[in-house]
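In: here is my input, please return the structure:
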Amino acid sequence: MHKEQLEKFNRLFKAEDECAHAYATHCTEAIKAAEANALKEGFDEYTDMSHSMLVDRILDMQNQIETIKSKTESLKAKYKMRLAEHQAEFSSLLKETAVLEKIELDLM
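Out: Numbering: from 1, shown residues only. I've put the predicted structure just below:
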């Protein structure tokens, strides 16, 4: 009885090993076929442009994004500087108004 069970387990393990080996072989062949197809076609699966054009377009867009970010940062800095100037001018006007009101009250 133990011998029969051991033989069944042995056959089961061999079948499982053969299945795993066949699947690994299939995956390797599928990857090679996909790579060969990609090299032959050279197109992205989502666009009509070639891979090299797509890479160039992505790099151009990244450069444009960086340019926009740098311009935005400089505009933000200018805005903050102008805001600080206006706040300082406003504070100065408030102080002058307070001084003038004080002088007006003293003269009454």
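
In: okay, now residue 56: neighbour count?
Out: 12 (other C-beta atoms under 10 Å). Yep, even glycine has a C-beta here, placed from its N, CA and C like the rest.

In: sorry, slip of the keys, the one I care about is residue 54.
Out: That count, for residue 54 with other C-beta under 10 Å as the rule, works out to 16.

In: got any ranges where this protein has weak pLDDT?
Out: Residues of the chain meeting the criterion pLDDT under 70: 1-2, 37-47.

In: quick check: domain ranges of it?
Out: Here the domain parsing of the chain from automatic domain parsing is 1-41, 47-108.

In: ok, now which ones touch residue 100?
Out: Residues near residue 100 by C-beta atoms under 8 Å, 6 or more residues apart in numbering: none.

In: host element of it?
Out: helix 51-107 (DSSP states H and E).

In: now that helix: how far from the chain's centre is it?
Out: Centroid displacement of helix 51-107 relative to its chain, using C-alpha atoms, centre = their mean, to the nearest Å, is 28 Å.

In: residue 50 - how many residues pack around it?
Out: Using other C-beta under 10 Å, residue 50 has 13 other residues around it.

In: err, residue 32, not the other one
Out: When neighbours are counted by other C-beta under 10 Å, residue 32 comes out with 10.

In: that one looks like it's in a helix, true?
Out: Yes - the assignment for residue 32 by DSSP: H, G, I helix; E, B strand; the rest coil puts it in a helix.
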